[in-house]
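In: below are the sequence and a predicted model; questions follow.
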Amino acid sequence: MDIDRYLGPGDRTAALVTSHGLAVADAAVRRAEAERFHEEREHLAAKLTVRWGDPYHVGLQTVRLRTGTEEIPEPWAELSLRVGDVYLWRAEEHGRWVALGVADLDPGDEIRLLLVVTGTDPP
C-alpha cells in the first residue's frame, strides 16, 4: 500500500477495504466478517509499525461520549462514532497523525477498514 499519497496537506479518510451486503446480514455473519477486518488491520498495522515504530492503541469511547457535551475537532469526532479503537502513529517527517481502525459500530452500515491522516492532534 502506498501510504505516501495520503500524507499531503488536509485531512484524509480512506476506506481501504469495504464489506458488501453486511448492512443486512445475519449478526453471526457480520461478527465473523468484523473479525476478518480486524485481522486485516493487524496485518497493515505491522507494516506501518516498521515505518513509524510502535503505535499508540487508542480507545475512542470517551471521545465518542464527549461529542455530546463538547466540540471535538474533525476528523476525530466522526471517527469516534464509527470506530471503537485505532492504532495511531505520529508521522513526524510529515507533521501528520495516521490512524488505522475498523468502522464496525453501526450494525446498519457496511464494515470498513479506515485509514485517517490528519494534522489535527487527537483530543
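Out: Structure received. Just so it is clear, the model here is predicted, and its values are computed rather than measured. Numbering: from 1, shown residues only.

In: contacts for stretch 16-33, please.
Out: Residues from elsewhere that reach stretch 16-33 (Cβ atoms under 8 Å, 6 or more residues apart in numbering): 1, 37, 40, 44, 107-115. Where C-beta positions appear, they are placed from N, C-alpha and C, glycine not excepted.

In: of the residues you listed, buried ones?
Out: Neighbour counting with 16 or more other Cβ atoms under 10 Å marks 37, 44, 110-115 as buried within the contacts of stretch 16-33.

In: pick the one among those closest to W76.
Out: Distance to W76 across the buried ones among the contacts of stretch 16-33 (Cβ to Cβ) is lowest for L114, with 12.5 Å.

In: pretty sure that closest one sits in a helix.
Out: No - L114: not assigned to a helix; according to DSSP: H, G, I helix; E, B strand; the rest coil it is strand.

In: residue with max distance from the center of the chain?
Out: D26 (23.8 Å; Cα atoms, centre = their mean).

In: if we can go back for a sec, TSV please, covering the buried ones among the contacts of stretch 16-33 and showing distance to R90 and pLDDT.
Out: Shown next, in TSV, are those (distance: Cβ to Cβ, whole Å; pLDDT from 0 to 100):
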residue	distance to R90	pLDDT
F37	24	97
L44	17	96
E110	29	94
I111	27	96
R112	23	97
L113	21	98
L114	18	97
L115	15	97
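
In: farthest pair within those?
Out: L44 and E110 (18.2 Å).

In: ok, back up a step: which one of the buried ones among the contacts of stretch 16-33 sits closest to P73?
Out: For those, the nearest to P73 is L114 (17.0 Å; Cβ to Cβ).
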